[in-house]
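Student: requesting a structural model of the entry that follows:
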Amino acid sequence: MRRTTLAASLIAIGIAAPAWAAPTMMSADWGKAACEAWNKDPVLTDKLVESGWMANDKSRGYKIMQVYRTDCGDKPTAELRVALKDGKAMCVYGGAPQADKLDSGADYVMMAETGRWIEMGRGDYGPMRAMFMQRLGFDGPKLEAMGNMGPFENFLLLVGKVASETKACPGK
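Tutor: Numbering: from 1, shown residues only. Sure thing, here's the model as predicted:
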């Protein structure tokens with residue numbers, strides 16, 4: 001009852017609670033939420049192990065995926081690190097990019113305009129069409145990615161599953 005009264009009072013005087021707002025798409029906070037969503041997706045956690053995708057980690061014990069919105073800049077703004085844990089491909093870090101240098105033989109960078117990320121997140125089209133139509137830019141081991149289109153599509157769908165705000169750019 002007190003919370004309801006307090007919330008109503010704050011709204012009445014024009015104060016909103018920013019803690020309830022969704023993170024900016026492709027921000028560090030979004031990366032954290034995407035990491036949590038990854039770990040709840042059995043296609044990502046199981047199929048990427050079965051296909052051998054996790055085995056190509058260059059003996060580091062993890063793979064890195066960085067993403068960004070091209071209409072917001074030209075460098076990654078969120079990073080996910082995926083490691084083999086208990087026989088599953090688990091996201092062990094989601095947040096701001098931390099890797100100084102990526103290994104193009106194991107790691108991935110994906111970029112697209114905000115509107116295209118939204119379309120892919122809704123499932124309007126998958127990764128094959130997105131790359132063919134040049135709606136999704138991609139750096140990384142292309143043959144490995146081609147062999148993992150099913151899980152890769154689930155990664156793109158995470159954009160639609162993770163609540164986010166798109167009016168502002170990450171870090172701005």
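
Student: need the longest helix for this structure.
Tutor: helix 149-161 (DSSP state H).

Student: model confidence score at the residue nearest the centre of the chain, please.
Tutor: Centroid check for the chain by CA atoms, centre = their mean gives Ala34 as the closest residue, at 5.0 Å. On the pLDDT scale, Ala34 is placed at 97.

Student: ditto for the one 3 residues further on
Tutor: Note for Ala37: predicted pLDDT of 97.

Student: where does it land in three-state SS?
Tutor: Of the three states, Ala37 takes helix under DSSP: H, G, I helix; E, B strand; the rest coil.

Student: now do the contacts for Val162.
Tutor: Val162 makes contact with 30, 33-34, 37, according to CB atoms under 8 Å, 6 or more residues apart in numbering. (Glycine included, C-beta is placed from N, CA and C.)

Student: how much space between Leu80 and Gly123?
Tutor: Distance from Leu80 to Gly123, counting by CB to CB, to the nearest Å: 20 Å.

Student: looking at the two, which is more packed in?
Tutor: Legend: neighbour count by other CB atoms under 10 Å for Leu80 and Gly123, higher for Leu80 (23 against 11).

Student: so how far is the strand or helix carrying the residue nearest to the centre of the chain from its chain's centroid?
Tutor: Using DSSP states H and E, Ala34 maps to helix 28-38. Distance, stretch centre to chain centre, for helix 28-38: 6 Å (CA atoms, centre = their mean, to the nearest Å).

Student: could you do stretch 27-39 as well?
Tutor: Distance, centroid of stretch 27-39 to centroid of chain: 6 Å (CA atoms, centre = their mean).

Student: got it, and stretch 65-78?
Tutor: On CA atoms, centre = their mean, the centre of stretch 65-78 falls 11 Å from that of its chain.

Student: got the end-to-end distance for that stretch?
Tutor: 8 Å (CA to CA, to the nearest Å).

Student: got the buried residues for that stretch?
Tutor: Across stretch 65-78, burial judged by 16 or more other CB atoms under 10 Å covers 65-69, 72, 76-78.

Student: next one: stretch 94-113
Tutor: In stretch 94-113, counting by 16+ other CB under 10 Å, buried: 94-97, 102, 106-112.

Student: can you tell me what sits against that stretch?
Tutor: In this structure, residues lying in contact with stretch 94-113 by CB under 8 Å, 6+ apart are 28-29, 31-36, 38, 56-58, 60, 63-71, 75-81, 120, 130, 135-141, 145.
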